[in-house]
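Undergrad: Test case, fold it:
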Amino acid sequence: MKTRHHIRSHPNIRQSGYRKALLASITVALFSMPGAALAAGTLAGTDIQNVASATFDTAGGPVTIQSNTVTIKVDELLDVTVSSIDPGDIITSPGQTANVQSFRVSNTGNGNEAFRLTANVANGGDDFDPTLQQIILDTNNNGVFDAGVDVIYTAGANDPVIAPDQNITVFVITSTPAGVVDTNRANVSLAAAAVTGTGAPGTSFANAGQGGGNAVVGSTGAQSSGNGFLAVQATSVTLNKTATILDPFGGARPVPGSVVTYTLIATVSGSGVLNNLVITDPIPAGSQYQAASMTLEAIALTDTADADAGNFNGTRISVAAGNVPAGQTRTVTFKVLIP
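TA: Down below sits the predicted model:
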């Protein structure tokens, strides 16, 4: 009987052992379940749930029991990066308005987040400070500044809300002072900061995260800035005028009947391109313009306002020399008669 009693009570002993094992396994499961170490890509507010189970034998057969459900709500991680997406320096010139620089603002956190934007045109270590005109949001998402289509940004009024792992393009519009010189550069930066809050990594904002969890500052401090550069290409032009005389006797004396050939040489210096160069010269009093005598780069021009670059309006000659790169010249000639 002792033996039978010992045998009958053995399942109870085993049940007690299983219960201890069950508690241990539940404890282990709660602290080691997959997903407890959250990845930044898991959407904020996501509920991670886990139920453990244990199976043990009884006299009536195997029994399975379940633990309570453990729910962990994923906190929102606040992270952002900002970078210039221009292929290089944006070329500007003295007094130029509407310089457009492009930046990408990326939400590297795991929740939908609004970001406050700030442009800085007074960064140190450069040659000049441009004037900030506007910050523009690329609302049609084509990556190109479309005046009148893309929306002007106003801090606190239309802070862009960016989904996790998504980005937006932001344009910073500036103007260049008139006093800059060739090769000057300006450092323009755009900063973005999470509206929910910024701070040292690990800083927590209770119940401020998407989905009702906390918001936790990530490795970027929930703020970032990117830098882009303006580079001045300043061109200047000098105009030199000379005259040669051919008199009726084969000499070079300015007597009646002499023909004077004027040569105008425009020299472009600096860097970049001088746009829409037009050279004009009034016909001197006491002389008469010689019809069809204009040339540009030794190519004959007509006097009428037509498809070519020359024009004589009765009192002056005008030659449209076009866009001239720095380091090049344009030469215009015309003739007058001393009556």
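Undergrad: What pLDDT does the model give S318?
TA: What the model reports as pLDDT for S318 is 98.
Undergrad: what does the model give D126 for pLDDT?
TA: 97.
Undergrad: so it sits in a strand?
TA: No. In this structure, D126 is coil, not part of a strand, as judged by DSSP: H, G, I helix; E, B strand; the rest coil.
Undergrad: From V121, how far out is the residue nearest to it when sequence neighbours are not counted?
TA: Using C-beta to C-beta, 6 or more residues apart in numbering and skipping the chain neighbours, the partner closest in space to D126 is N187 (4.3 Å). Every C-beta, even on glycine, is put in place using the N, C-alpha and C of the backbone. Distance, N187 to V121, using C-beta to C-beta, to the nearest Å: 8 Å.
Undergrad: now T46
TA: On the measure of C-beta to C-beta, T46 and V121 end up 41 Å apart.
Undergrad: do the same with A231
TA: 15 Å.
Undergrad: Same question for I317.
TA: 44 Å.
Undergrad: Between these two, point out the one with more neighbours.
TA: Between I317 and V121, counted using other C-beta atoms under 10 Å, I317 has the larger neighbour count: 24 against 19.
Undergrad: Dig out what the more buried one forms beta bridges with.
TA: On the basis of DSSP bridges, I317 is bridged to D281, F312.
Undergrad: For it, list the residues it contacts.
TA: Contact analysis of I317 by C-beta atoms under 8 Å, 6 or more residues apart in numbering lists 280-281, 283, 289, 294, 310-311, 332, 334.
Undergrad: Which of those residues are buried? Put it as a PyMOL command.
TA: One line in PyMOL is enough to select the buried members of these, burial here meaning 16 or more other C-beta atoms under 10 Å:
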select buried, resi 281+283+289+294+310+311+332+334
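Undergrad: measure the nearest residue to I245 once chain neighbours are set aside to T55 for me?
TA: Counting by C-beta to C-beta, 6+ apart, I245 lies nearest to A252, which is 4.7 Å off, once chain neighbours are set aside. From A252 over to T55 the distance is 120 Å, taken as C-beta to C-beta.
Undergrad: all helices for this protein, in order.
TA: For the chain, the helices defined by DSSP state H occupy 2-32.
Undergrad: Listing request: residues of it with sub-threshold pLDDT.
TA: Applying pLDDT under 70 to the chain flags residues 1-40.
Undergrad: okay, now the domains of it?
TA: Domain assignment for the chain, taken from automatic domain parsing, gives 2-74, 77-232, 235-337.
Undergrad: and these, which is most packed in?
TA: Greatest average neighbour count among those goes to domain 77-232 (a mean of 18), per mean count of other C-beta atoms under 10 Å.
Undergrad: quick one: that domain to chain centroid distance?
TA: With C-alpha atoms, centre = their mean, to the nearest Å as the basis, domain 77-232 stands 8 Å off its chain's centre.
Undergrad: now stretch 324-331
TA: For stretch 324-331, the distance to the chain centre is 33 Å (C-alpha atoms, centre = their mean).
Undergrad: So in terms of bridging, what pairs with the closest residue to S84 other than its chain neighbours?
TA: Sequence neighbours aside, G228 is the residue nearest to S84 in space, at 3.7 Å (criterion: C-beta to C-beta, 6+ apart). On the basis of DSSP bridges, G228 is bridged to V188.
Undergrad: residues contacting G228?
TA: G228 is in contact with 84, 86, 90, 101-103, 172, 187-190, counting by C-beta under 8 Å, 6+ apart.
Undergrad: tell me which of the contacts of I317 is nearest to T220?
TA: Closest to T220 out of the contacts of I317 is T280 (58.1 Å), distances taken as C-beta to C-beta.
Undergrad: ok, N142 to D150 distance?
TA: 9 Å.
Undergrad: now do P248
TA: 68 Å.
Undergrad: do V63 as well
TA: Per C-beta to C-beta, V63 is found 67 Å from D150.
Undergrad: for V172, same thing?
TA: As judged by C-beta to C-beta, V172 and D150 stand 12 Å apart.
Undergrad: and for the two, which residues touch both?
TA: In contact with both V172 and D150: I136, using C-beta under 8 Å, 6+ apart.
Undergrad: give me phi/psi at D127?
TA: Main-chain dihedrals, D127, degrees, to the nearest 10: phi -100, psi -30.
Undergrad: how about it, what does it touch?
TA: Listed by C-beta under 8 Å, 6+ apart, the contact set of D127 reads 180, 184-186, 232.
Undergrad: D281 too?
TA: Applying C-beta under 8 Å, 6+ apart to D281 gives the contacts 241, 262, 264, 316-317, 332, 334.
Undergrad: Also V232?
TA: 92-94, 127-128, 176, 180-185.
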